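Student: sequence below, structure please.
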Amino acid sequence: MIAHPHAMPPDGRHRYAIRVYYEDTDAGGVVYHANYLRYAERARTEALRAVGIPHAEMVERFGVMFMVRRAELDYLRPARLDDSLVVETEVLAVGGATTSLRQAVHGPLGLCADITVRLACVRTGDAQIGGSKPGRIPPRWRETLAAMRDAAGHTT
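Tutor: Here you go, the predicted model:
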């Protein structure tokens with residue numbers, strides 16, 4: 001088996017390209033507001049995978065997962081049908097059981113949405129029955145998230 005090389009983006013920011021499809025838009029051809037959360041979720045998953053800390057492995061090996069604790073969205077300009085978007089994900093802060101990210105959705109005319117997400121690490125068994133008992137972020141995940149944070153120039 002050949003190991004897949006994982007690369008830390010030089011500036012600590014992961015970029016994920018998305019195309020706006022008809023299903024993503026409202027009757028006016030503008031991206032429906034809730035779809036920005038879907039785009040952000042996909043981009044977070046791909047960011048973790050790209051730097052070698054896939055979410056599925058964290059669940060399988062350690063029995064913990066990230067859940068959105070808080071999300072703040074600022075809508076700045078509309079994205080439209082067939083636009084090519086890029087979701088830029090950067091780590092703002094890393095704690096023992098939480099991490100905060102900024103996800104900027106860029107469109108052809110500039111920044112469309114600016115999203116700040118706080119993720120909590122919780123035990124999967126608790127999450128499945130509706131509880132949300134905190135779990136520690138596993139060391140490899142915490143170290144990699146901290147390296148992304150540092151590369152992006154954030155110090156908390």
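Student: residue closest to the middle of the protein?
Tutor: In the chain, the centroid-proximal residue (Cα atoms, centre = their mean) is R44; its distance is 2.4 Å.
Student: find the nearest non-adjacent residue to that one, please.
Tutor: Closest residue in space to R44, ignoring its immediate chain neighbours: T89 at 6.1 Å, by Cβ to Cβ, 6 or more residues apart in numbering. Just so you know, the C-beta spots here come from the backbone N, C-alpha and C atoms, and that holds for glycine as well.
Student: can you pull the buried residues of the helix or strand containing the one you found?
Tutor: Following DSSP states H and E, the helix or strand that holds T89 is strand 84-94. Applying a neighbour-count criterion of 16 or more other Cβ atoms under 10 Å, one finds L85, V87, E88, T89, E90, V91, L92, V94 buried in strand 84-94.
Student: now do stretch 10-18
Tutor: For stretch 10-18, a neighbour-count test (16+ other Cβ under 10 Å) marks G12, R13, H14, R15, Y16, I18 as buried.
Student: restricted to strands, list those residues.
Tutor: Counted as lying in strands by DSSP state E, out of these, are H14, R15, Y16, I18.
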